[in-house]
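Visitor: coords please:
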Amino acid sequence: MIKIESYNPSSKKYVAKYYAKDISDELIARVKFLRAYNNAGGNANIKKNIYDSCSVNGKTKNTLLEKVFYSSHEGRITKDNHSEKAFTASQFKTCVADEEFMEWLESNLTELILAKPQRLIDLEEDLKNNLTGGSNTYSQYKKFIMEICIPYSSLANAKIRRWTNKRLVQEIGAKTCYYCNRQYVITVDLAEDKQRATAQLDHFFPQSKHPILGLSFYNLIPSCGPCNRIKSDAPFELSTHIHPYLEDFGRDGMWYYDGEDVDSILGQDENFEIKMEPRGAKSAKIEGNLNVFVLRELYDQSHRDLVRELIRKKYAFGNAYLSNLIRTFPAAGLTKKEAYQLLYHNYLDPKDFYKRPLSKLTRDILEQLGVPL
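Guide: A predicted model of the protein is given here:
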C-alpha cells in the first residue's frame, strides 16, 4: 500500500548496498568452499588446506560439511576430523547439486542479492535455462538451495555476518507494515543484547516457489505478522500485485467513506462504510493486494471510529483551521506539515506514511472532505 524508500534519511545510507555486500561475500565464500571441497575428491591433505584457508567461520563450515557430504549417522564434523572422515567414510558423497549450478551461483550471487525485482525474475529464468533439465532440476534443488546456498533461516533465526532480519528492518527504517499501513513493525532492544520484534520479512516472490530469491534485498518486505501469514505462499507477480519497492497505491487507490444517512455523513454515528474502488493504470494490481490482504474488510470493520473523528473535526473546525492555526500562533513557527500533525495526529506527506499507522487513510478521508491540504 505504501512505498519503501531505498535510502534511509535517518542513517543516511543506501541500505541495499551494505546488506548486499555482506550477504553476497559470505554466500560466495560458502559456495567456493563447497565447490573446492567437492572437487578435491578423497585427498585428505587438499581438503585440510581448503578447510583451513576458507574465510567462513568454523561452526558454519562443519555444518555445511555435515549437511552436504555426510549421512546423519556419521557423527559430528569437527576441524580435526573432517578430512579423515572425508577420506575414509563409506558414507561420503558428492554434492547433491552439480557443478553447472554451483558455477552459475558463484558467478551471479552478487547480482542476485542486489538486483531489482524484475531483474530477479530474469536471473531465476537464466538459472533454469542453464541447468540440464531446466525447471525440473531447479525444483529438485529447492531444499539444497534453501538450506545451504540461500539460507534465509539463518537471517531469521540467527545471523549472516552482522545481519539478522530484525537488523535489516531497523536499517531500512520501517515503522509500519508496508502492505497494510495498519500495524507498527518495530524491534525493541532489551537487556543483554536481546530483542523482541513485531516486524517480519515477507518474500514478495514466495520462497517456496522462488527459493533462489530467498535473501535478495528487494524481495524482502518488512511487514506485520498478520499480513505475512495471510499472504503466505500466494503467487505474487509484478503484473498482478503492487510491489512496495516499486510503487504504492497512490491516487489510483484512495480510501473513502460512504454514508447511508445525514447523521453518518456528518459523523454523528458510524453508520457508513469505508471503501476503496481502484482506478487508473494500477487498478488491477491494487485490487490484487486488496483481495489477498483483505484490506477492505479490515479497514471497514476496524477503523470507522477514526473516520468518524476526522469527519467531526472537519465540521467542528471548518476548512480553514490549518491555516488559522499557523497564523494564530506565529511564534510557534509551525509549518503546514507540523500543523497537520498536531491536528490529525498523522503525517501529511506520502513519503512519511510509513512512520505511523493509518496515515494514508487519514489523508484520503480528509481529501474527500475537502480539507485544503
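Visitor: What is the neighbour count of the closest residue to S283 other than its chain neighbours?
Guide: Using Cβ to Cβ, 6 or more residues apart in numbering and skipping the chain neighbours, the partner closest in space to S283 is D252 (6.0 Å). For every residue, glycine as well, the C-beta is placed using N, CA and C. Counted with other Cβ atoms under 10 Å, the neighbours of D252 add up to 17.
Visitor: Distance check, G173 against Y37.
Guide: 40 Å (Cβ to Cβ, to the nearest Å).
Visitor: do the same with K231
Guide: For K231, the distance to Y37 - Cβ to Cβ - is 38 Å.
Visitor: Can you tell me the SS state at P206?
Guide: Secondary structure for P206, judged by DSSP: H, G, I helix; E, B strand; the rest coil, is coil.
Visitor: Tally up the residues packed near it, please.
Guide: 18.
Visitor: Secondary structure element for the closest residue in space to it that isn't next to it in sequence, which one?
Guide: Spatial nearest neighbour of P206, chain neighbours left out: D233 (4.5 Å); criterion: Cβ to Cβ, 6+ apart. Counting by DSSP states H and E, no helix or strand carries D233.
Visitor: dump the residue contacts of D233.
Guide: Counting by Cβ atoms under 8 Å, 6 or more residues apart in numbering, D233 touches P206, S208, K209.
Visitor: Go through those and say which is closest to G267.
Guide: Using Cβ to Cβ, P206 is the member of those that sits closest to G267, with 41.7 Å.
Visitor: H241 is in contact with that closest one, correct?
Guide: No: under the criterion of Cβ atoms under 8 Å, P206 makes no contact with H241, lying 11.6 Å away.
Visitor: any common contacting residues for the two?
Guide: Counting by Cβ under 8 Å, 6+ apart, nothing touches both P206 and H241.
Visitor: K231 and Y37: which has the busier surroundings?
Guide: Set side by side, K231 and Y37 show more neighbours around Y37, with 23 against 20, by other Cβ under 10 Å.
Visitor: which stretches of the stretch 101-250 of the chain aren't confidently modelled?
Guide: For the stretch 101-250 of the chain, applying pLDDT under 70 flags the ranges 191-197.
Visitor: so who does the most centrally placed residue in the chain touch?
Guide: Using Cα atoms, centre = their mean, the residue of the chain that lies closest to the mean C-alpha position is I221, 1.6 Å off. When the contact criterion is Cβ under 8 Å, 6+ apart, the partners of I221 are I4, Y178, Y179, L201, D202, H203, F204, P244, Y245.
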